[in-house]
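>>> The following block contains a protein sequence and its predicted model.
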Amino acid sequence: MTLKPPTPTTPADTSKKARRIVWILMAMIVAAGLIWYAVFTFTKPAPQVTTPADGGQLVRGDSHRVTKPVKEQGQLVEFLDFECEACGSIQPFVNELKQEFGDKITFVTRYFPLPSHRNSKTAALAAEAAAQQGKYEQMYNKLFETQTQWGEKQESEAALFRTFAQEMGLNMTAYDAAVADDKTKARILKDVADGTALGVTGTPTFFLDGKKLTLTTKEALRQALADTAK
């Protein structure tokens, strides 16, 4: 039996073996990485899904439209607080604008009682209870006309507001029931929630055709309405 001498190892063979080892090591590293990723992915907590906040609705079906033009050319929405001095100050002017532009612009009022005003929510309840008997505007005007009598008081003025309702000839049983009804309170709180979502932080705040107005003078408001009513 003749023995063949061993085949000599060449530099090329050595290089080939080294590359093979490198590829094997890289494959092991990749495999380990894939295993780690799979374990991490399936064991980590599921991400929290955040539901987008309600962006608010400027006007709702039950919002108080105090003018009803046959052919609407614009819509002015006011978020107000019956105890707010600025609201009380501008209210006569807003009534003038209703007379001037009410045949073209729909005026909408929404409640936004501020927490710092002790009787603002109570006043809103009185207005909404009156609204349920078709006397919203009468109570609206009465509350602003008498604001200096009851505004900034720390005790409840509910009895005074009830007197206003009696003077208007409202059914007092129905009025009292409406004031105490959680649905009436929820109606007001919905206005507040919409206003907050829309960026209302104080009163009065006006929106003209969906755009929040930044006004420095009463005449600027009149001009904005005039431009819309053209």
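Good, I have the coordinates. Residues are numbered from 1 along each chain as shown.
>>> residue boundaries of the strands in this protein?
Residue ranges of the strands in the chain, as given by DSSP state E, are 64-65, 74-80, 105-111, 205-208, 211-212.
>>> Please save the CA atoms from the third one in CSV.
Think strand 105-111. Provided in CSV are the C-alpha atoms of strand 105-111 (Å, rounded to 0.1, in the frame of the first residue of the first chain):
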residue,chain,number,x,y,z
ILE,A,105,-76.4,87.0,11.1
THR,A,106,-77.5,84.2,13.4
PHE,A,107,-76.6,85.2,17.0
VAL,A,108,-76.0,82.2,19.2
THR,A,109,-75.3,82.4,23.0
ARG,A,110,-73.7,79.6,25.0
TYR,A,111,-73.1,79.3,28.8
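>>> Going along the chain, name the helices of this protein.
Per DSSP state H, the chain carries helices over the ranges 11-43, 85-101, 120-131, 136-145, 147-150, 158-167, 172-180, 182-197, 218-228.
>>> Lowest average confidence across those helices, which one?
Per-stretch mean pLDDT for the helices of the chain is lowest at helix 11-43 (a mean of 49).
>>> returning to what we had before: got TSV for the strands of the chain, with mean pLDDT and mean neighbour count too?
(Each C-beta comes from the backbone N, C-alpha and C, glycine too.) Putting the strands of the chain into TSV (pLDDT from 0 to 100; neighbours: other C-beta atoms under 10 Å) gives the following:
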stretch	mean pLDDT	mean neighbour count
strand 64-65	98	16
strand 74-80	98	23
strand 105-111	98	22
strand 205-208	98	20
strand 211-212	96	12
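>>> contacting residues for G88?
By C-beta atoms under 8 Å, 6 or more residues apart in numbering, the residues touching G88 are 82, 144, 147-148, 151.
>>> if you set the cut-off to 6 Å instead, what comes out?
G88 makes contact with 144, 147 under the criterion C-beta atoms under 6 Å, 6 or more residues apart in numbering.
>>> if I look at P115, how far off is T214?
Distance, P115 to T214, using C-beta to C-beta, to the nearest Å: 23 Å.
>>> Also A186?
A186 is 31 Å from T214, by C-beta to C-beta.
>>> rewinding a little: which one of the helices of the chain is the most hemmed in?
Mean neighbour count (mean count of other C-beta atoms under 10 Å) peaks for helix 120-131 among those, with a mean of 24.
>>> Surely V200 is in contact with L80?
No: applying C-beta atoms under 6 Å, one finds V200 not in contact with L80, separated by 10.1 Å.
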